[in-house]
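Trainee: Have a look; sequence and predicted model below, questions after that.
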Amino acid sequence: QHWPFFDLPPAPKPDVKIGGVYYSSASASGVPADSDCGPKYLDDTGNLHIFRGCQDCSWKTYYITGGAYFDSGGDGNFICGNVIVLGDIEINGGGGANGDYDANVPQEAWKEYGNDYADAYVSSQHGFDDTEAPDTYAEAVAENYKSVGLTYRLKKGLVHGFVYTGGSQGLKGGGSSIIHGVMIAGQNTTIETSGFAVYFDESVAENILVENIVINRISWYEVAHEWPAGL
């Protein structure tokens, strides 16, 4: 988080520009194995790119200079990888999302939503039984607890990975579907969808490629250590 009283460089930006790392990655990836995913990973035609029946968990990058349209029908859509769209993304009828898998729960997700009531509700409704966890929310905060190995079943997954939309309308359409990872809107847009959810995946966030940032050290603090006793 950037604080106004610290002299920090600008926040990093994902390198989604034409000619950048995601563009080059898509260009090098060639043709998807599933023809329902489109003719190429790099679609620089500026036209609408339609996903209908696309099943692709190759963890490659789709780079689309126009808009993207996730349509229902066929075998449904589920992509594991990056989807970089310089235009808008539209979801029709849930986008045919059919990803169904156990997702890792971020180790510190409980800090965003937790309290004593929520702890009891989650345990009763979802069966999480972490015997290593502190008994109360306050104790967990005090101990800086991190959950390990917890999973949650996600259904109707559309994309597991990094999704970027650069269009003025951002994300539109509707229907129940999930993006599991990170989604970034390049413009100050309103996400106008119904029944749509984004679940955070910290491993996806850690691997987002950003433009270069120059970090300069402007101060430091030296700690004087005493000579160890007995030497």
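Mentor: Here it is on my side, so go on. Small disclaimer: the values here were computed from a predicted structure and weren't measured.
Trainee: Confirm Met183 sits in a helix?
Mentor: No - counting by DSSP: H, G, I helix; E, B strand; the rest coil, Met183 is not found in a helix; it is strand.
Trainee: beta partners of it?
Mentor: Here Met183 sits in beta bridges with Val163, as judged by DSSP bridges.
Trainee: ok, the one residue sitting closest to the centre of the chain - contacts?
Mentor: The centroid of the chain falls nearest to Val182 when counting by C-alpha atoms, centre = their mean (1.7 Å). Contact analysis of Val182 by C-beta atoms under 8 Å, 6 or more residues apart in numbering lists 162-163, 200-201, 204-205, 208. Where C-beta positions appear, they are placed from N, C-alpha and C, glycine not excepted.
Trainee: again, 10 Å this time
Mentor: For Val182, the contacting residues are 14, 82, 161-164, 198-202, 204-208, by C-beta atoms under 10 Å, 6 or more residues apart in numbering.
Trainee: now these: which count as buried?
Mentor: 14, 82, 161-164, 199-201, 204, 208 (16 or more other C-beta atoms under 10 Å).
Trainee: the strands in this protein, which residues?
Mentor: Ranges of strands in the chain, per DSSP state E, are 42-43, 49-51, 55-64, 68-70, 78-85, 89-91, 99-104, 151-165, 171-185, 192-200.
Trainee: Worst mean pLDDT across the helices and strands of this protein, which element?
Mentor: When each helix and strand of the chain is scored by mean pLDDT, DSSP states H and E, helix 116-126 comes last, with a mean of 62.
Trainee: returning to that earlier point: possible to save the buried ones among the contacts of Val182 as TSV with pLDDT and distance to Tyr152?
Mentor: Formatted as TSV, the buried ones among the contacts of Val182 follow (pLDDT from 0 to 100; distance: C-beta to C-beta, whole Å):
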residue	pLDDT	distance to Tyr152
Pro14	94	26
Asn82	98	23
Gly161	98	18
Phe162	98	20
Val163	97	20
Tyr164	96	25
Tyr199	93	8
Phe200	94	12
Asp201	95	11
Val204	96	16
Ile208	95	22
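Trainee: Now the two most distant members of those residues.
Mentor: Pro14 and Tyr199 (18.9 Å; C-beta to C-beta).
Trainee: picking that back up, which one of the buried ones among the contacts of Val182 sits closest to Phe70?
Mentor: Among the buried ones among the contacts of Val182, Val163 lies closest to Phe70 (C-beta to C-beta), at 10.7 Å.
Trainee: From Tyr164, how far off is Ser58?
Mentor: Applying C-beta to C-beta, to the nearest Å, the value for Ser58 to Tyr164 is 18 Å.
Trainee: and if you look at Gly38?
Mentor: 17 Å.
Trainee: Domains in the protein, by residue range?
Mentor: 11-105+153-231, 106-149 (automatic domain parsing).
Trainee: Among the ones you listed, which one carries the weakest average confidence?
Mentor: Per-stretch mean pLDDT for those is lowest at domain 106-149 (a mean of 70).
Trainee: Give me the distance between the two termini of that one.
Mentor: From its first residue to its last, domain 106-149 covers 9 Å (C-alpha to C-alpha, to the nearest Å).
Trainee: Kindly report the same for stretch 65-73.
Mentor: OK, stretch 65-73 end separation, C-alpha to C-alpha: 24 Å.
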